[in-house]
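Visitor: need coordinates for the below:
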Amino acid sequence: MAEKLKGTTVSRSLIEDLSARMGKLSQQSIVPKLAFIRVGERPEDLTYQKMVTKRCAKLGIQTELHAFAEDASQEAIAQAIEEINHDDTVSGCLMFRPLPKRFDEEALIKLLDPKKDMDGITPASLYGVVTGQQVGFSPCTAEGITTLLDYYHVPICGARVVVVGRSLVIGKPVANLLLSRDATVTICHSRTRDLNVLTRQADILIVATGHPKMIGTAGLAAGQVVIDVGMNWDEQTKRFVGDVDEEAAEQIVKAYTPVPGGVGATTTAILMKHVVEAAERGIA
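Guide: Residues are numbered from 1 along each chain as shown. Now for the predicted structure:
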């Protein structure tokens, strides 16, 4: 039976460290604050906002919400971003995406100060990921994956890594973070030929496609560590499932992240870490 790499365990470890760092900030009368920008009321956005707000409250991080109706103007959201950029009491900002299609999302993202970009969405933040320079912050999920691998002592240097998914949110950033750690990385996607052949060759397999159980028995091999980033609602079983067939992984691979309870829990803790680090950088 494969080992379950539980993100909840990693998250608890991160939060313990952050609690100590929050104590040091408090001694200097500094209270980190996270600003949300949300357009509309998508259930997944509301759920994540509630979860993050609760985690912030436990750590002592303040939050403020800039909520807009779906018929809000581009200018109104742009103004909120500018206000956040110039508000010294705000450590960082989390913008819920994707925005409704009628908005120019790219233009709004470019307005956000990279120093306050908590989820690595600005061009400058992504440049920092590619070059290894400290510009802004890495996307939370991508950093959460490397943090999880480190916590469970999974060797990265020299490892053959296959990433299935090429988004700027997860696939490309995590590939660059692992390249900077001397892994050999292959990025695959929906049009990759012989996908299962490539995934079976991986020491570390990371799957972030948004397609439930896309990788099954034919794409898995003994000895692998599988990181499943997917979170898909299965109407038949009435539960969330990953992009990897968990039952198959449990019987074949060395270790894997469960869904839920895997990468998602680590991602939220990384967001908290970024907010605390932003506050620390402000006094460095």
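Visitor: chain center to the least confident helix or strand in the chain by mean pLDDT, what's the gap?
Guide: Using mean pLDDT, DSSP states H and E, strand 232-234 stands out as the lowest-scoring helix or strand of the chain, at a mean of 81. Remark: strand 232-234 is offset 19 Å from the chain centroid, using CA atoms, centre = their mean, to the nearest Å.
Visitor: strand partners (parallel or antiparallel) of that strand?
Guide: Here strand 232-234 is paired, per DSSP bridges, with strand 239-241 (antiparallel).
Visitor: pretty sure Pro100 is touching Val39, no?
Guide: Yes: counting by CB atoms under 8 Å, Val39 is a contact partner of Pro100 at 6.2 Å. Where C-beta positions appear, they are placed from N, C-alpha and C, glycine not excepted.
Visitor: one step back: quick one: contacts of the least confident helix or strand of the chain?
Guide: Residues outside strand 232-234 that contact it (CB atoms under 8 Å, 6 or more residues apart in numbering) are 210-212, 239-243.
Visitor: mind checking which of the residues you listed are buried?
Guide: By neighbour count, with 16 or more other CB atoms under 10 Å, these hold 212, 241-243 as buried.
Visitor: picking up where we left off before, what do Pro100 and Val39 both touch?
Guide: Glu70.
Visitor: in the least confident helix or strand of the chain, what's buried?
Guide: Quick answer for strand 232-234 (16+ other CB under 10 Å): Asn232.
Visitor: equivalent analysis for stretch 243-262, please.
Guide: 243-246, 248-249, 252-253, 255-259, 261-262.
Visitor: report the distance from that stretch to the chain centre.
Guide: On the basis of CA atoms, centre = their mean, stretch 243-262 sits 19 Å off its chain's mean C-alpha point.
Visitor: then stretch 5-19?
Guide: Here stretch 5-19 is found 15 Å from its chain centre; the criterion is CA atoms, centre = their mean.
Visitor: count the neighbours of the nearest residue to Ser26 once chain neighbours are set aside for me.
Guide: Distances taken as CB to CB, 6 or more residues apart in numbering place Gly60 nearest to Ser26, at 7.1 Å, with adjacent residues excluded. Residues lying near Gly60 (other CB atoms under 10 Å) number 15.
Visitor: widest-spaced pair of the buried residues of stretch 243-262?
Guide: Ile252 and Gly261 (19.7 Å; CB to CB).
Visitor: need the pLDDT of the residue most central in space within the chain.
Guide: Centroid-nearest residue in the chain, with CA atoms, centre = their mean: Thr141, separated by 1.7 Å. Per-residue pLDDT puts Thr141 at 95.
Visitor: could you do Arg281 as well?
Guide: pLDDT, Arg281: 88.
Visitor: isn't it right next to Lys115, touching?
Guide: Yes: under the criterion of CB under 8 Å, Arg281 is in contact with Lys115, at a separation of 7.2 Å.
Visitor: when these two are compared, which one has more neighbours?
Guide: Counted by other CB under 10 Å, Arg281 and Lys115 do not tie: Lys115 has more neighbours, with 18 against 12.
Visitor: fine by me, we can end here.
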